[in-house]
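K.L.:
Predicted coordinates and the sequence they were generated for:
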Amino acid sequence: MDIPIPSWAKWSIGQFVRKRKGSKWHGRVVGFYRTGLTPHGYAIESYGEAGSVQIYPEAALEDWEP
């Protein structure tokens, strides 16, 4: 399935990112979302727990290489 990449997206589907602070979360981008409070959000599938997904705002993420 092709997921359209929003024009605002810093990362594309399949790119690896990690959570910058607090609890650790490493994985790859699998989707995007927007809300009134989060104009640029990402769905991240865990690198270690396949199928486990968390959502984070862009500001909470940074590049990561496994």
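P.N.:
Now that the structure is in, tell me what you want to look at.
K.L.:
C-alpha from now on. contacts and neighbour counts both.
P.N.:
Noted.
K.L.:
If you count contacts, what does the longest strand seen in the chain end up packed against?
P.N.:
Longest strand of the chain, by residue count under DSSP state E: strand 26-33. Contact partners of strand 26-33 among helices and strands, from 3 or more C-alpha pairs under 8 Å, 6 or more residues apart in numbering; DSSP states H and E: strand 16-19, strand 41-46.
K.L.:
Show me the shaky parts of this protein.
P.N.:
1 (pLDDT under 70).
K.L.:
again, only using 90
P.N.:
The model of the chain has pLDDT under 90 over residues 1-4, 23, 50.
K.L.:
and the gap between Thr38 and Val53?
P.N.:
17 Å (C-alpha to C-alpha, to the nearest Å).
K.L.:
for Tyr33, same thing?
P.N.:
The separation that Tyr33 has from Val53, given C-alpha to C-alpha, amounts to 13 Å.
K.L.:
got any residues that touch both of the two?
P.N.:
Common neighbours of Tyr33 and Val53 (criterion: C-alpha atoms under 8 Å, 6 or more residues apart in numbering): Ala43.
K.L.:
Of those two, give the one with the bigger neighbour count.
P.N.:
Neighbours per residue, other C-alpha atoms under 10 Å: of Tyr33 and Val53, the larger number sits with Val53, 18 against 14.
K.L.:
beta partners of that one?
P.N.:
Glu45 (DSSP bridges).
K.L.:
who touches the nearest residue to Leu61 once chain neighbours are set aside in this structure?
P.N.:
Distances taken as C-alpha to C-alpha, 6 or more residues apart in numbering put Lys19 closest to Leu61, at 4.6 Å, once the chain neighbours are dropped. Taking C-alpha under 8 Å, 6+ apart, we find Lys19 in contact with Trp25, His26, Ala60, Leu61, Glu62.
K.L.:
The third one - how many residues pack around it?
P.N.:
Using other C-alpha under 10 Å as the criterion, Ala60 is surrounded by 15 other residues.
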